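> sequence? don't have it. structure:
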């Protein structure tokens, strides 16, 4: 065992008398020094020498006074406060038993009478695996202690300050055969711009004999050497880096690193059996440079659905990876400037909403396609990239929005002829087919005054009939008539809304109005409905499930195209219109239809007259979701087709129209097939027409007027397009008022069905008549037989019989009979010549008669 001692070089045992005397005099000289001087000298001359060379003095070797003996005891204490090195101590512990504070064993003294003040480990514990308390108990300080042999130099200090040393060997062993994890050191680079808690690397070790994935390897950052100068920072005490047990190496405190620093990280990997290995990781703090991104251009077709990939924005970084992509700005690059519209009032009209970018890989995708329109021009994005160091770069990314490509899938032949001409001719009129008849309303005169005349064409008679004139469409006039109206049919009756209305004099027009009417075919009358919220003209009106929808058009100055969509709920008798999602690409002089419960909007124009810009977009509005979708484009950008677009079967037809102002009219006939998103074309009408009125009746296309023409064209559709509609069904509702019952024949019947209604009065009641839903008398016969040619309501009316009158007759003494008012009464077992109970008799009596 090794202990600190005064140096006694070249002395060998046994000692000569001279050497012995010299040593005693030296000790006596030292005794006169105070304790501090002795300790200082001992420290200065301290050297570990083998036991067999140690001075072995006893107090009997000293002669003299008690004072000398007292001082000699201090020196003796210095030499005898030692560990028992004659029997070197060794401890063993199994690695599986290792945990913090696990006791390894206790240190014993050679001289048990000594009072030890403290024990300490002064060498051999490089990694801080062990600890010893003042009672000499040696324990584990770090549960990551690795298998191996550790010679620990232990120092004991008594209460007088004298010290002794000895080496204790600790063996950490494994009772099982275990292969330690394989951990290979690497080099990492970071920059001064690294932020705290940033991940530097994922440390991974391989455990060759792991039995399952559950036997995970844990990691320990044991210590760090700064700038490779062996300056150590213990892993548990340092604050620069952090290593989680699952191997995530992070920068804990970024404020402590600077350019040019180098760190050597000693990292240990420990498997489930306690097997441990260590590897060194170089970490350098290098200079940095910003990422590089250049201007890029992509293309995409307008209306492409959400999540469509546009392309991948490319950026590079010479000393790190790109960690973030972001769109910071966007704008529509409209060339020439976009004609004025009210799109800006739509919250979705924002180029920042059209695209999204994946923040990690730069993929650019469609986010909201509502305003992904060719008419709005390319969309220019400002894209910013940021690297691991927080440095950024920006560039413009331009996305060209391509017009949809439209082709004609097939051509079909039509043979056009003419039928009865319209009585007046018309231009910019409105109308359509309702109940298998073609209605034409209004139009311009030659002086551009709105007409109020209404005509209907009946194919069965090949004749036009004049109907009731249109009421005033403007609130500022009493004159009827208008052009550029919205028109919609519910299948039985139709509706008109807004338009260029007759002015106060009736000889001119106002460019917008708010009035809305329902025309009832059965009564040839108009009923005014709640007005639109604002003046509109050249917009469209549609009817779906008890609701009216008005959209598009222009303001009264004809300077701003309108995208507002308004809805009036007729089913709930709403008194005002509700605004819904705005139509993309606001435009006027457009066309629309209802197809399977959705509104399809075709073409139109922006601006007016010589400034107009033709539009070919086709949008679909879904009332169920209040959303618009760009579904296709028209083969040609037609406008002035508001009354010549209609549905038949699974097709949407469009006839004639205009493209540019005063540049001719068109004869084209197209049909769009929504299920396949394809177009077909038919033989042109014989002459070009702008704003004709058209529709299909019994498989035949009728085209009336346009350009103030009176001509009405007709053509039979090819047989494959002719729809055989199911028989028309009508509903009978039958009921009885108080006083009787009716036979229960209510229900749905094919048109033309012959039905018989039977009413049965209760006792005390008599059948009176049949009335309809409005209370009007239909018939007084019972039973009542009729033909069902419309939805019908029948109600039986009964009247209560009057109460019987009591007639008291007294026969006078003159005989057994009496005559009153020409009626003779005779007394018998019964009455002869009695009166019916419903007959009223006035009897005049005499004093001796009654």
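That came through, no problem. It should be emphasised that the depicted structure is a prediction, and the values quoted were computed from it without experimental measurement. Numbers count the residues shown, from 1 in each chain.
> out of everything not next to it in sequence, what's closest to the spatially most central residue of the chain?
The centroid of the chain falls nearest to residue 367 when counting by Cα atoms, centre = their mean (9.9 Å). Distances taken as Cβ to Cβ, 6 or more residues apart in numbering put residue 356 closest to residue 367, at 4.1 Å, once the chain neighbours are dropped. For every residue, glycine as well, the C-beta is placed using N, CA and C.
> what's the spacing between the residue nearest to the centre of the chain and residue 762?
Separation of residue 367 from residue 762 (Cβ to Cβ, to the nearest Å) stands at 71 Å.
> same check, this time on residue 257
Taken as Cβ to Cβ, the span from residue 257 to residue 762 is 104 Å.
> is it true that residue 798 lies in a strand?
Yes. Membership of residue 798 in a strand is supported by DSSP: H, G, I helix; E, B strand; the rest coil.
> Leaving out the residues flanking it, which one is nearest to it?
Leaving aside its chain neighbours, residue 798 sits nearest to residue 739 (3.2 Å; criterion: Cβ to Cβ, 6+ apart).
> In contact with the one you found, which residues?
761, 762, 764, 765, 798, 799, 800 (Cβ atoms under 8 Å, 6 or more residues apart in numbering).
> rerun that using 6 Å as the cut-off
Residue 739 sits next to 762, 765, 798 when contact means Cβ atoms under 6 Å, 6 or more residues apart in numbering.
> Adding pLDDT, write those out as CSV.
Listed next are the contacts of residue 739 as CSV, based on pLDDT from 0 to 100:
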residue, pLDDT
762, 95
765, 95
798, 96
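> Go through those residues and single out the one with the most neighbours.
Neighbour tally across the contacts of residue 739 (other Cβ atoms under 10 Å): the maximum, 21 neighbours, falls on residue 798.
> quick one: it and residue 765 touch, right?
Yes. Residue 798 is in contact with residue 765 according to Cβ atoms under 6 Å; the separation is 4.4 Å.
> list residues touching both of the two?
Residues touching both residue 798 and residue 765 by Cβ under 6 Å, 6+ apart: 739, 740.
> Quick check: bridge partners of residue 701?
Taking DSSP bridges as the rule, residue 701 bridges to residue 696, residue 715.
> Tell me the spacing between it and residue 667.
For residue 701 relative to residue 667 (Cβ to Cβ), the value is 13 Å.
> The two: who's more crowded?
Taking other Cβ under 10 Å, residue 701 and residue 667 do not tie; residue 701 has more neighbours (23 against 16).
> Isn't that one up against residue 718?
No. Look at residue 701 against residue 718 with Cβ under 6 Å: they stay out of range, at 11.1 Å.
> can you tell me the distance between the two ends of stretch 355-364?
Terminal residues of stretch 355-364 are spaced 7 Å apart (Cα to Cα, to the nearest Å).
> Run a quick neighbour tally on residue 395.
17.
> any idea whether it is helix, strand or coil?
strand.
> Give the bridge partners for it, please.
Beta-bridge partners of residue 395, as defined by DSSP bridges: residue 383.
> and if you look at the one 5 residues further on?
With beta bridges defined as DSSP bridges, residue 400 has these partners: residue 299.
> buried set for stretch 245-261?
Neighbour counts using 16 or more other Cβ atoms under 10 Å place 247, 249, 251, 257, 261 of stretch 245-261 among the buried residues.
> Can you show me the helices along this protein?
17-31, 35-45, 66-80, 351-354 (DSSP state H).
> picking that back up, and the residue nearest to residue 798, how far from residue 337?
76 Å.
> Could you do residue 90 as well?
Counting by Cβ to Cβ, the gap from residue 90 to residue 337 is 94 Å.
> Which one of the two is surrounded by more residues?
Per other Cβ under 10 Å, whichever of residue 90 and residue 337 has more neighbours is residue 90, with 12 against 7.
> which residue packs closest to residue 685, ignoring adjacent ones?
What sits nearest to residue 685 in space, not counting adjacent residues and going by Cβ to Cβ, 6+ apart, is residue 667, at 4.9 Å.
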